[in-house]
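# What shape does this take:
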Amino acid sequence: MDLKDLEIELNNCNQCSFRKDCISPVGWYGNPESPIVFVGEGPGGVEDEYGCPLIGPSGQLLDKALWAAKMTRDRVLATNVIKCRPKNNRTPDVAEADFCGRAWLDKELQIIQPKVIVALGGVALHYLGTSEMRITRDRGQWFRTRQGFDCIATYHPAFLLRLYGKQLVTAKWDVFHDLEMARNRAAELAPGYQFMSEEKVDLFKLFHKRSM
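Just a heads-up that it's a prediction; the model follows:
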């Protein structure tokens, strides 16, 4: 199976209640040859509308952080643990994330075989690591996922959007250093790979609004 086959299966998924409250599942975007994969929580309203992970305000902030760390979205790959937007954008619980992650994310990672994974936020950290891990305590530290991949966690950009003042400045620097560490590790494991295009990618030019 390749990502195209997996995408067809994902688009036909009706395995849980999340599916009835969204337009359609949201898969992944980026270069499947990338040695680094970014895993977020799940699609929000904008992601559900456009069918692209991390395209809304959080994704736009992520794009800025990636640019600062010399990466662009077309040269890496971004995805989520949860593939369908939860009703009212609520945070999925551990069981829901585990169900969807095992159904889809595990298959993605098995196909892509990334050298490095960046877990964005607590939901991704809990799925890729353990439920006892905490993003405020364990971000910036390397661990091995149960799937056998090197992983580092950092704050989800949605968290940064809720901060201001000194807290925001500190958190932004934390994210920058975490992304830089992830990129450096991936570059060591995949020498010669180009992580950055000359310009940022405008995802709204590549994706269009979907209808129910």
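# going forward, measure contacts and count neighbours with C-alpha atoms only.
Will do.
# helices and strands of this structure: which one has the lowest mean pLDDT?
helix 94-100 (a mean of 92; mean pLDDT, DSSP states H and E).
# give me every residue that touches P92.
82, 86, 123 (CA atoms under 8 Å, 6 or more residues apart in numbering).
# Just give me the least confident of the residues you listed.
Going through these one by one, the lowest pLDDT turns up at P86, 86.
# tell me, how many neighbours does the residue nearest to that residue when sequence neighbours are not counted end up with?
In this structure, P86 finds its nearest non-sequential neighbour in F18, 5.5 Å apart by CA to CA, 6 or more residues apart in numbering. Other residues near F18 come to 19 when the count uses other CA atoms under 10 Å.
# Please apply the same query to D174.
16.
# what's near enough to touch it?
Here D174 is in contact with 140, 154 (CA under 8 Å, 6+ apart).
# now the spatially most central residue of the chain: how far from E180?
In the chain, the C-alpha nearest the mean C-alpha coordinate belongs to V39, at 2.6 Å (CA atoms, centre = their mean). Distance, V39 to E180, using CA to CA, to the nearest Å: 16 Å.
# Which residue is the nearest non-sequential neighbour of T72?
M196 is the one closest to T72 (CA to CA, 6+ apart), at 4.9 Å.
# Go ahead and measure how far the longest helix seen in the chain is from the middle of the chain.
Secondary structure of the chain per DSSP state H: the longest helix is helix 165-189. In terms of CA atoms, centre = their mean, to the nearest Å, the gap separating the centre of helix 165-189 from the centre of its chain is 15 Å.
# what is the rounded mean pLDDT of it?
97.
# ok, then the element right after that helix?
Counting by DSSP states H and E, the element after helix 165-189 in chain order, helix or strand, is helix 203-206.
# Could you list the residues in contact with that next one?
With CA under 8 Å, 6+ apart as the test, helix 203-206 has contacts from I55.
# F195: what's it in contact with?
Contacts for F195 (CA under 8 Å, 6+ apart) come out as 34, 70-72, 75-76.
# How confident was the prediction at it?
Predicted confidence (pLDDT) for F195: 98.
# Quick check: it vs E108, distance?
From F195 to E108 the distance is 20 Å (CA to CA).
# now swap in Y155 and tell me
22 Å.
# repeat for E132
E132 is 24 Å from E108, by CA to CA.
# And these two? Which one has more around it.
E108 (22 against 7).
# Can you say which helix or strand has the more buried one in it?
Judged by DSSP H and E, E108 forms part of helix 106-112.
# Give the buried residues for stretch 126-137.
126-129, 134-135 (16 or more other CA atoms under 10 Å).
# then that stretch to PDB, C-alphas only?
Extracted C-alpha coordinates of stretch 126-137, given in PDB (Å, rounded to 0.1, in the frame of the first residue of the first chain):
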ATOM      1  CA  HIS A 126       0.300  11.200  24.400                       C
ATOM      2  CA  TYR A 127      -0.300   9.100  21.300                       C
ATOM      3  CA  LEU A 128       3.300   8.800  20.200                       C
ATOM      4  CA  GLY A 129       4.700   8.700  23.700                       C
ATOM      5  CA  THR A 130       2.700   7.700  26.800                       C
ATOM      6  CA  SER A 131      -0.400   9.200  28.500                       C
ATOM      7  CA  GLU A 132       1.800  10.100  31.500                       C
ATOM      8  CA  MET A 133       4.000  12.500  29.400                       C
ATOM      9  CA  ARG A 134       3.300  16.300  29.600                       C
ATOM     10  CA  ILE A 135       4.100  18.800  27.000                       C
ATOM     11  CA  THR A 136       5.100  21.400  29.500                       C
ATOM     12  CA  ARG A 137       7.600  19.000  31.100                       C
END
